[in-house]
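Chemist: could you work out the structure for the sequence below:
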Amino acid sequence: MSMPRHYQQSEKRVCFISSRVHPGETPASFIFEGFLDFITNPNDPRAKLLRDEYVFKLIPCLNPDGVVDGHYRSHSRGTQFLCCLQEDKKHITCCVTWHVS
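Modeler: Prediction:
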């Protein structure tokens, strides 16, 4: 069963921006905050033009448990965040699942 959307699907292109995959990437938080301040500024004609042309999907922190617990390249279970080697070391699987609609 699918849930109805409460907004109209637009023909705009999507711009997906994420930050802080690895907790040590502290400057990425400042860059993300600066972009967020820019893109939401109602008085900047450049930001308005971008908002008119794109739908922005923003994720400020992809690895919040790693940031809080200080796991530099892993999540709270201590596994490499982006790619995980299987036991037989022949297969690489992705530990991250993104759902973008």
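
Chemist: looking at the chain, which helix is longest?
Modeler: If you go by DSSP state H, the chain has its longest helix at helix 26-39.

Chemist: for it, packing partners?
Modeler: The contact analysis (3 or more C-beta pairs under 8 Å, 6 or more residues apart in numbering; DSSP states H and E) places helix 26-39 against helix 45-53, strand 54-59. From N, CA and C alone the C-beta is placed, and that goes for glycine too.

Chemist: so which bits of that helix are buried?
Modeler: By neighbour count on 16 or more other C-beta atoms under 10 Å, the buried set for helix 26-39 is 28, 32, 35, 39.

Chemist: what does stretch 52-70 give?
Modeler: Under the neighbour-count criterion of 16+ other C-beta under 10 Å, stretch 52-70 has 61, 62, 63, 66, 67 buried.

Chemist: do the same with stretch 40-55
Modeler: 47, 51.

Chemist: quick one: residues in contact with that stretch.
Modeler: Identification of contacts with stretch 40-55 by C-beta atoms under 8 Å, 6 or more residues apart in numbering yields 10, 12, 13, 14, 15, 38, 39, 56.

Chemist: now pLDDT and distance to residue 21 too, for these, in CSV please.
Modeler: Below are the contacts of stretch 40-55 laid out as CSV (pLDDT from 0 to 100; distance: C-beta to C-beta, whole Å):
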residue, pLDDT, distance to residue 21
10, 69, 28
12, 87, 26
13, 90, 23
14, 90, 19
15, 91, 18
38, 97, 22
39, 96, 21
56, 92, 18
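
Chemist: so which pair among those is furthest apart in space?
Modeler: Using C-beta to C-beta, the contacts of stretch 40-55 span at most 21.1 Å, a distance reached by 10 and 38.

Chemist: a helix runs through residue 72, doesn't it?
Modeler: No. Applying DSSP: H, G, I helix; E, B strand; the rest coil, one finds residue 72 to be coil, outside a helix.

Chemist: for the protein, give me the ranges with low pLDDT.
Modeler: For the chain, applying pLDDT under 70 flags the ranges 1-10, 73-101.

Chemist: quickly run through the sheet partners of the host helix or strand of residue 15, with directions.
Modeler: Per DSSP states H and E, residue 15 falls inside strand 13-18. Here strand 13-18 is paired, per DSSP bridges, with strand 54-59 (parallel).
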